[in-house]
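A.B. asks: Predicted model follows, preceded by the sequence.
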Amino acid sequence: MIRKRSRGEQQTEQGTTRTPMLTLTFSVQDARLEGWRGNDPLVTQASIRDVTIHKVYVDTGSSVDIIYEHCFWLLPDRWKDNLQPTTGRLVGFTGHSLWPLGTIHLPLTVTSHDKQQKKTALIDFVFIRHAVEHNIILGIAALLKLGAVPSTMHGVMKFDTPRGAATVLATSSRELQCFAIMKPTEITKEAKKLRRDLAKGKEVINKEHPNQPVSIGCDLPSHVRRALVDLLKRYKHVFAWTPTDMVGVERKVIEHKLVIKPGVKEVKQKKRV
């Protein structure tokens with residue numbers, strides 16, 4: 001008599017045949033980046049076959065793995081033929097959305113800091129166009145396939161191998177140069193300096209309209225700046241200094257008006273901060 005196994009027995013049997021994962025732990029004895037503060041983003045490097053990818057951002061809050069356009073086009077052409085179209089959108093935690101250019105399967109390899117251990121997994125990357133500092137984002141799906149566990153506090157990422165646990169070090173924040181922090185007093189000084197530079201770079205081209213100066217770049221050489229000002233003064237009649245100078249343009253094109261329904265009572269809105 002043959003008895004059909006229940007779903008629970010099948011799951012139990014499948015679970016016993018899986019290769020057990022090593023226990024990955026972090027301690028002060030681990031290799032770590034010198035000067036790591038623990039509050040920087042965990043950015044490291046990996047490779048796609050024989051191409052080394054720098055600025056790989058490990059993001060445990062991302063549900064997808066992303067490769068950006070500026071990195072994608074550096075890959076060999078024979079790999080790009082695997083790009084597949086997609087119809088879904090990517091929605092960030094702020095609510096903004098991006099339309100992906102496609103999806104592609106690429107073999108990603110992470111290597112330990114001592115170059116002795118490595119691990120490769122086929123990752124489903126979402127290909128998008130966006131101006132960012134990073135080349136690739138590794139989300140929870142890629143970390144699960146690689147069996148990797150990151151620790152931002154320690155600045156490392158560990159993954160299990162048949163030879164034991166391997167460690168990948170983060171890239172130094174000094175090498176990333178992603179952002180700069182200024183004190184409020186420095187921001188105020190920079191804003192005042194910018195306003196002074198803008199005022200200093202203005203020149204009166206038409207003496208009949210001294211309240212309409214033209215901004216000229218302060219970083220131009222003096223002889224180039226003077227030649228440009230002389231040229232603008234010579235052809236000042238080409239520019240429209242008043243609405244009457246705009247001959248041939250209908251009033252309805254340049255006139256702005258507020259369309260209000262006749263008879264509607266006006267309501268004063270509260271001041272917005």
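C.D. replies: Nice, thanks for sending it over.
A.B. asks: chain center to stretch 122-135: distance?
C.D. replies: 9 Å (Cα atoms, centre = their mean, to the nearest Å).
A.B. asks: Just the buried residues of that stretch, please?
C.D. replies: Residues 123, 125, 126, 127, 128, 134, 135 are the ones in stretch 122-135 that count as buried (16 or more other Cβ atoms under 10 Å). (C-beta placed from N, C-alpha, C; glycine too.)
A.B. asks: Identify the spatial nearest neighbour of the fifth one, chain neighbours not counted.
C.D. replies: Computed as Cβ to Cβ, 6 or more residues apart in numbering, the closest residue to residue 128 that is not its neighbour in sequence is residue 100, at 5.0 Å.
A.B. asks: Tally up the residues packed near that neighbour, please.
C.D. replies: When neighbours are counted by other Cβ atoms under 10 Å, residue 100 registers 18.
A.B. asks: Next: the one 10 residues further on.
C.D. replies: Counted by other Cβ under 10 Å, the residues lying close to residue 110 total 24.
A.B. asks: Same question for residue 112.
C.D. replies: Other residues near residue 112 come to 20 when the count uses other Cβ under 10 Å.
A.B. asks: Give me the three-state assignment for the residue lying closest to it once chain neighbours are set aside.
C.D. replies: In space, and not counting its chain neighbours, residue 112 is closest to residue 166: 3.8 Å by Cβ to Cβ, 6+ apart. Of the three states, residue 166 takes strand under DSSP: H, G, I helix; E, B strand; the rest coil.
A.B. asks: Strands along the stretch 151-273 of the chain, start to end?
C.D. replies: 156-161, 164-169, 202-203, 214-215 (DSSP state E, counting those that start in this stretch).
A.B. asks: Ignore what I typed, I meant the stretch 1-150 of the chain.
C.D. replies: Using DSSP E, counting those that start in this stretch, strands in the stretch 1-150 of the chain cover 43-48, 51-58, 65-68, 90-91, 97-98, 102-111, 118-128, 136-138, 148-151.
A.B. asks: quick one: residue 128 and residue 98 touch, right?
C.D. replies: Yes - assessed by Cβ atoms under 8 Å, residue 128 is found in contact with residue 98 at 5.4 Å.
A.B. asks: what sits in contact with each of these two?
C.D. replies: Shared contacts of residue 128 and residue 98, defined by Cβ atoms under 8 Å, 6 or more residues apart in numbering, are found at residue 90.
A.B. asks: list the contacts for the residue nearest to residue 112?
C.D. replies: Contact analysis of residue 166 by Cβ under 8 Å, 6+ apart lists 112, 116, 117, 118, 119, 158, 159, 160.
A.B. asks: can you pick the most crowded of these?
C.D. replies: residue 159 (24 neighbours).
A.B. asks: Mind listing the residues bridging to that residue?
C.D. replies: With DSSP bridges as the criterion, residue 159 is bridged to residue 148, residue 166.
A.B. asks: quick one on the thing from earlier: mind checking the strands of the stretch 1-150 of the chain for the one nearest to residue 252?
C.D. replies: Of all those, strand 97-98 sits nearest to residue 252, with 37.1 Å by Cβ to Cβ.
A.B. asks: about what we covered before: got the strands of the stretch 1-150 of the chain as a markdown table, with distance to residue 234 and mean pLDDT columns?
C.D. replies: What follows is the strands of the stretch 1-150 of the chain, written out as a markdown table (distance: least, Cβ to Cβ, whole Å; pLDDT from 0 to 100):
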| stretch | distance to residue 234 | mean pLDDT |
| --- | --- | --- |
| strand 43-48 | 54 | 89 |
| strand 51-58 | 50 | 89 |
| strand 65-68 | 48 | 91 |
| strand 90-91 | 53 | 78 |
| strand 97-98 | 49 | 78 |
| strand 102-111 | 54 | 90 |
| strand 118-128 | 50 | 90 |
| strand 136-138 | 54 | 91 |
| strand 148-151 | 64 | 88 |
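A.B. asks: Could you say which of the ones you listed is packed most deeply?
C.D. replies: Highest mean neighbour count among the strands of the stretch 1-150 of the chain (mean count of other Cβ atoms under 10 Å): strand 136-138, with a mean of 25.
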